[in-house]
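**Student:** this one's structure only:
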DNA sequence: TCAATTAGTCAAAAAAAAATGACTACATTA
DNA sequence: TAATGTAGTCATTTTTTTTTGACTAATTGA
């Protein structure tokens, strides 16, 4: 009998963790409509705080769901866009939202 | 201009929270194959602890994803089954898992 | 020069989630 | 009588997540 350390490998769990962080679904919902920016998100989610939004954007970028682009440094302008993977996530969120309401 | 307290209502966020609790995806994966029982889950997920499994089963039941049935109290026998809603969640988890690997 | 806007970071505190170990309660088996 | 198996609960500790408030750094406008 061989001892196999299971449990660790549940790919769905990792993805769920990534998506379920605070403010992330709302941020993705904003991103669905077009490029988003840090301060824009802060204004549209008045109850969110800098740190959480900062962490959310960073993690979503690390997961390849958002891409970050520096448009210009003169009047500092940074944009986040949904990647292809990110666009693939949106319909899942919508389906989850529907299921939640049943 | 009227001040609207937004943010609270993101149905996807609630559902994501429910599904992303510790061990929940694994438990649902077991439930997909048939009725599950408390000690059975404990044996199949050796790294999980009673408390977490207990909380997971309770929350999944409260969300209407699992149904709980007492089969008999003589040799105490309680079963959890995926509800229709629960069965609706499974394909989403599989899709999330696929997306995670891209 | 002072204030505002851009996009954050940092350390610390507070809140929420998860883990640990002891315990309950009932019935069966040795 | 003691141990085993069922399905948990409870209080406490540990870990993780989220929030708070102060601070940075560059540029623009008054």
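**Tutor:** Cool, got the structure. Every value quoted in this text rests on a predicted model; they were computed, and no experiment measured them. Residues are numbered from 1 along each chain as shown, chains lettered A, B, ... in the order given.
**Student:** stretch A:94-102 and chain B, any residue contact?
**Tutor:** Yes: counting by Cβ under 8 Å from any Cβ of the partner chain, contacts between stretch A:94-102 and chain B involve A:94-97, A:99-102. All C-beta atoms are positioned from the backbone trio N, CA, C, and that covers glycine.
**Student:** actually stretch A:72-89, not the one I wrote
**Tutor:** Yes: against chain B, stretch A:72-89 shows contacts by Cβ under 8 Å from any Cβ at A:85, A:88-89.
**Student:** ok, the residue nearest the centre of chain A - contacts?
**Tutor:** Centroid-nearest residue in chain A, with Cα atoms, centre = their mean: residue A:60, separated by 4.1 Å. When contacts are counted by Cβ atoms under 8 Å, 6 or more residues apart in numbering or on different chains, residue A:60 touches A:18, A:24, A:27-28, A:66, A:80, A:86.
**Student:** any idea how far it lies from DNA strand D?
**Tutor:** According to Cβ to the nearest atom of the strand, to the nearest Å, residue A:60 stands 12 Å off from DNA strand D.
**Student:** what does residue A:53 give?
**Tutor:** According to Cβ to the nearest atom of the strand, residue A:53 stands 8 Å off from DNA strand D.
**Student:** how many residues are close by the residue of chain A found nearest DNA strand C?
**Tutor:** Relative to DNA strand C, the nearest point of chain A is residue A:39 (3.3 Å; Cβ to the nearest atom of the strand). Burial of residue A:39 is recorded as 12 neighbouring residues (other Cβ atoms under 10 Å in any protein chain shown).
**Student:** for chain B, see how far away it is.
**Tutor:** Distance of residue A:39 to chain B, computed by Cβ to the nearest Cβ, to the nearest Å: 17 Å.
**Student:** helix, strand, or coil at that residue?
**Tutor:** Here residue A:39 is recorded as helix under DSSP: H, G, I helix; E, B strand; the rest coil.
**Student:** equivalent analysis for residue A:89, please.
**Tutor:** Strictly by three-state DSSP, residue A:89 counts as helix.
**Student:** OK, contacts around it?
**Tutor:** By Cβ under 8 Å, 6+ apart, residue A:89 lies in contact with A:19, A:28, A:65, B:99.
**Student:** and the two most separated of these?
**Tutor:** Farthest-apart pair in the contacts of residue A:89 is A:28 and B:99; separation 12.9 Å (Cβ to Cβ).
**Student:** give me the more crowded residue out of these two.
**Tutor:** residue A:28 (23 against 20).
**Student:** need the contact list for residue A:44.
**Tutor:** Counting by Cβ under 8 Å, 6+ apart, residue A:44 has contacts residue A:30.
**Student:** please report how far it lies from DNA strand D.
**Tutor:** Taking Cβ to the nearest atom of the strand, one finds residue A:44 at 15 Å from DNA strand D.
**Student:** then residue A:78?
**Tutor:** Distance of residue A:78 to DNA strand D, given as Cβ to the nearest atom of the strand: 12 Å.
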